[in-house]
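Asks: next one to model:
(chains A and B)
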Amino acid sequence: MRWSKYFWYTSKEDPADAEAPSHKLLIKGGFIKQVSAGIYEFTPPGVRVLRKIENIVRKEMDRSGAQEVLLTVLNPAELWRETGRWDLYGRELFTLKDRNGREYCLGPTHEEEITDLVRSYVNSYRQLPLILYQIQVKFRDEKRPRFGLIRGREFIMKDAYSFDADEMSAMISYESVKFAYHRIFKKLRLDTLMVEASVGTIGGISSHEFVVLTDYGEARVAYCESCGYAANAEIVKLSKSEEEKEEERPLREVATPGTDTIEKLSSYLGVPARKIIKAVLYVVDGKDFVMFMIRGDRNVDENKVEAVLGTENFRLAEDKEVWDLLKTKKGFIGPFNLPPSIKVYWDNSTYGIKNAVIAFNKPDYHYINANPGRDFSYGDFVDVCEVEEGDPCPKCGSSLKVRRGLEVGHIFLLGTRYSEPMRAYYKDPQGQERPIIMGCYGIGISRCISAIVEQYHDEKGIKWPTTVAPFELDIICVNPSDPEQKEMAERLYMLAQEYGIETIYDDRDESPGFKFADADLCGFPYRIVVGKKVKEGKVELQSRHTGERWDVDIDKAVEEVKRLIEEDKK
RNA sequence: CGGGGUGUGGCUCAGGUGGCAGAGCGUCGGCUUCGGGAGCCGAAGGUCAGGGGUUCAAGUCCCCUCACCCCGACCA
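Replies: Here you go, the predicted model:
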């Protein structure tokens, strides 16, 4: 490709609206352009990267025995009503009506539609197992789109679905996709960590996420370096702490004016936060109150709360609700003299605490030296505590590491969550009708682009791995007005194409510095610079990844690049 | 859904106390230049996010709306 004819425009300035390196570099490098929040267009080079990733995914999915389909973007509401998700999915669903008032959504995922497709053809165990997949645009009206392609409202996803006669077979399908995923991420050169993930409220059997460790991820993952345990932080179990061995001091009621946060209370009393028991009050289904007692230095993980409550329909109580209910204000809520309708749970972190600070619904007062058993009773222990660095590994007890992670893949053994309500049944060898066991498997294709850039960049720009680079080779002619240089650059460009190297030839009428800067920004793995040394029969070769540059004989240059590219692709 | 921030040429931004709409980059024309985002000369390019208000006069002050970015989805 001749750059002078190519629809590719980079920018010298950092975009004002971007924060994450991948977001900045993809816009600056002219790979994507924002249309509105979480909605991006791909330019020709952006599409080249996208297609490369798609093709790697496609190849490995095919190799695992999965078959490609293409479902629809417009999903009729009826299908979603069959599973109840028309309402459950909530405001994240983009919905619309046709001219006759018939309702549709823009597919955010395709369990319903694929199940509908499969049930219309599959009747017998002889037709199973089956894995179908597609690569398609998805729509989700995210609460907060961010970081460019990392969390978009419109994005490209590979979604696969497995259909099996029994659980054993379903596990095999699950394992085969898991295996394919490992190969895919290896080919994409993404360092991923496979972590155990939440099976959620829908009663799945098994679930794993593939995450890239980066500060611009939305997930928190915990892992143990000594035993290899790794999980999404929201499912890491924290058990009861050791009982403290301290002499119980006499209970006292003390004035603690204005201490409406743990920090203020802690410094006012000169007591460490870990000796405070705080109350967190939630409203469930808009009417019921549930109180969680947790240690002052710890935070509630609302994902765990969801698991305890069995619903995601809850929120923190507001000031006026606290006042109406307990005649107190936030900061002074405690588990004393409560209306019987309020359910109180104690987080495991509060177990065995001695001489604690605790509020008792009297504004601007706290108890100090409160002790369980003597001054208050506790029970109904649950685990709603957010995991932090250094917490014990649930497997081996060593210290956990906690990092932000970007979820690029998720595999999920669903069971009969969709086949049952949608009556996707097959007949077993005995002629019995049984629901198909399903699994679903996603890879965020467009998100992978960002993940790769997050992992491969420096202050100058992107450093694409050769397997996904928009072009493998950039040929730069330093001074095109020098006929000798110009002719040589043209010749090398032709030759590179004969060698099957994906080449962009920077024949733009720009200064050398301009072209070098673009080459760094756009991240081509290899660069041939045709300059003054043409007279000596040499050109310069550069590697974007190692930063190395060296002179080679003109007739060997393309061959050398070809060899390096082949090496990279292994 | 809360909280904060920002909206001025294609891009990045400047425009005290209200008084002719600005710069750099980019673009177009010309000349020069050619190994790390070149130089000089000339030119085009604006509904100052939108609406309402105050005023002789609003990019600037007030109100409303919208869009985008960031933080939180958070503690008692």
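
Asks: C-alpha from now on. contacts and neighbour counts both.
Replies: Will do.

Asks: which positions in the stretch 151-300 of chain A make contact with RNA strand B?
Replies: A:Asp260, A:Thr261, A:Ile262, A:Glu263, A:Lys278, A:Ala279, A:Val280, A:Leu281, A:Tyr282, A:Gly296, A:Asn299, A:Val300 (CA under 7 Å from any atom of the strand).

Asks: rerun at 10 Å
Replies: A:151-152, A:215-218, A:220, A:258-266, A:273, A:276-283, A:290-300 (CA under 10 Å from any atom of the strand).

Asks: for the residue nearest the centre of chain A, pull up the helix or strand it's in.
Replies: Centroid check for chain A by CA atoms, centre = their mean gives A:Glu407 as the closest residue, at 2.4 Å. Per DSSP states H and E: A:Glu407 is located in strand A:401-415.

Asks: can you name the element that comes right after that strand?
Replies: strand A:425-427.

Asks: helices or strands next to that following strand in the packing?
Replies: strand A:433-435 (3 or more CA pairs under 8 Å, 6 or more residues apart in numbering; DSSP states H and E).

Asks: got the buried residues for the strand it packs on?
Replies: A:Glu433, A:Arg434, A:Pro435 (16 or more other CA atoms under 10 Å).

Asks: give the contact list for the last one.
Replies: Okay, so that is A:Pro435. With contact taken as CA atoms under 8 Å, 6 or more residues apart in numbering, A:Pro435 is in contact with A:Ala165, A:Thr416, A:Ser419, A:Glu420, A:Arg423, A:Ala424, A:Tyr425, A:Tyr426.

Asks: show me what it bridges to in the sheet.
Replies: Under DSSP bridges, the beta-bridge partners of A:Pro435 are A:Tyr425.

Asks: so who does A:Arg189 touch?
Replies: In this structure, A:Arg189 makes contact with A:Ile452, A:Pro465, A:Thr467, judged by CA under 8 Å, 6+ apart.

Asks: ok, A:Phe139 next?
Replies: A:Leu93, A:Phe94, A:Leu106, A:Gly107, A:Pro108, A:Arg153, A:Glu154, A:Phe155.

Asks: wait, the fifth one sits on A:Arg140?
Replies: It refers to A:Pro108. Yes. The pair A:Pro108 / A:Arg140 is scored as a contact, 5.3 Å apart, by CA atoms under 8 Å.

Asks: tell me the residues that contact both of those two, please.
Replies: Contacts common to A:Pro108 and A:Arg140, judged by CA under 8 Å, 6+ apart, are A:Leu93.

Asks: who touches stretch A:316-336?
Replies: For stretch A:316-336, contacts defined as CA under 8 Å, 6+ apart pick out A:259-262, A:278-283, A:291, A:338, A:344, A:358-366.

Asks: in strands only, show me those.
Replies: A:Lys278, A:Ala279, A:Val280, A:Leu281, A:Tyr282, A:Val283, A:Met291, A:Val344, A:Ile358, A:Ala359, A:Tyr365, A:His366 (DSSP state E).

Asks: in a markdown table, list those along with neighbour count and pLDDT.
Replies: As requested, the ones in strands among the contacts of stretch A:316-336 are arranged in a markdown table below (neighbours: other CA atoms under 10 Å; pLDDT from 0 to 100):
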| residue | neighbour count | pLDDT |
| --- | --- | --- |
| A:Lys278 | 28 | 90 |
| A:Ala279 | 25 | 91 |
| A:Val280 | 20 | 89 |
| A:Leu281 | 23 | 89 |
| A:Tyr282 | 21 | 88 |
| A:Val283 | 18 | 85 |
| A:Met291 | 21 | 91 |
| A:Val344 | 22 | 92 |
| A:Ile358 | 29 | 94 |
| A:Ala359 | 25 | 92 |
| A:Tyr365 | 19 | 92 |
| A:His366 | 27 | 93 |
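
Asks: most neighbours among the contacts of A:Arg189, which one is it?
Replies: Among the contacts of A:Arg189, A:Pro465 has the most neighbours (other CA atoms under 10 Å), with 24 neighbours.

Asks: what's near enough to touch it?
Replies: Here A:Pro465 is in contact with A:Leu188, A:Arg189, A:Tyr456, A:Pro525 (CA under 8 Å, 6+ apart).

Asks: now for the first one: which residues touch it?
Replies: Same thing as A:Leu188. A:Ile53, A:Ile56, A:Ile452, A:Pro465, A:Thr467, A:Val468 are the contacts of A:Leu188 under CA under 8 Å, 6+ apart.

Asks: and the strands in the stretch 1-150 of chain A?
Replies: Taking DSSP state E, counting those that start in this stretch as the test, the strands found in the stretch 1-150 of chain A are A:32-36, A:39-42, A:67-68, A:74-76, A:94-97, A:103-106, A:130-139.

Asks: what's the span of stretch A:293-303, first residue to last?
Replies: End-to-end span of stretch A:293-303 (CA to CA, to the nearest Å): 16 Å.

Asks: ok, residues contacting it?
Replies: Taking CA under 8 Å, 6+ apart as the rule, stretch A:293-303 contacts A:234, A:262, A:273-280, A:344-350, A:384-387.

Asks: let's see 7 Å
Replies: Stretch A:293-303 has contacts (CA atoms under 7 Å, 6 or more residues apart in numbering) with A:234, A:262, A:273-280, A:345-347, A:349-350, A:384-386.

Asks: can you give me the helices in chain A?
Replies: For chain A, the helices defined by DSSP state H occupy A:21-28, A:44-63, A:77-82, A:85-88, A:111-119, A:167-187, A:262-269, A:302-309, A:319-326, A:445-455, A:483-498, A:512-522, A:554-569.

Asks: those: which one's closest to A:Lys535?
Replies: Of all these, the one in closest proximity to A:Lys535, counting by CA to CA, is helix A:483-498 (8.2 Å).

Asks: what packs against the closest one?
Replies: strand A:473-477, strand A:503-506 (3 or more CA pairs under 7 Å, 6 or more residues apart in numbering; DSSP states H and E).

Asks: how about those, which one is nearest RNA strand B?
Replies: Closest approach to RNA strand B among those (CA to the nearest atom of the strand): strand A:473-477, 8.3 Å.

Asks: each with direction, which strands does that closest one pair with?
Replies: By DSSP bridges, strand A:473-477 pairs with strand A:503-506 (parallel), strand A:526-530 (parallel).

Asks: how far away is A:Cys448 from RNA strand B?
Replies: With distances taken as CA to the nearest atom of the strand, to the nearest Å, A:Cys448 is found 17 Å from RNA strand B.

Asks: ok, for that residue, nearest residue in space, not its chain neighbours?
Replies: Setting aside the residues directly before and after it, A:Cys448 is nearest to A:Val408 in space (CA to CA, 6 or more residues apart in numbering), at 6.2 Å.

Asks: list the contacts of that neighbour.
Replies: Taking CA under 7 Å, 6+ apart, one finds A:Phe210, A:Val211, A:Ile443, A:Gly444, A:Arg447, A:Cys448 in contact with A:Val408.

Asks: any figure for the gap between the fourth one and A:Val300?
Replies: If I follow you right, that is A:Gly444. A:Gly444 is 29 Å from A:Val300, by CA to CA.

Asks: make CSV out of the contacts of A:Phe139 and add pLDDT and neighbour count.
Replies: Output for these, formatted as CSV (pLDDT from 0 to 100; neighbours: other CA atoms under 10 Å):
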residue, pLDDT, neighbour count
A:Leu93, 90, 20
A:Phe94, 92, 17
A:Leu106, 94, 21
A:Gly107, 94, 24
A:Pro108, 93, 21
A:Arg153, 93, 23
A:Glu154, 94, 22
A:Phe155, 95, 21
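
Asks: all good on my end, thank you.
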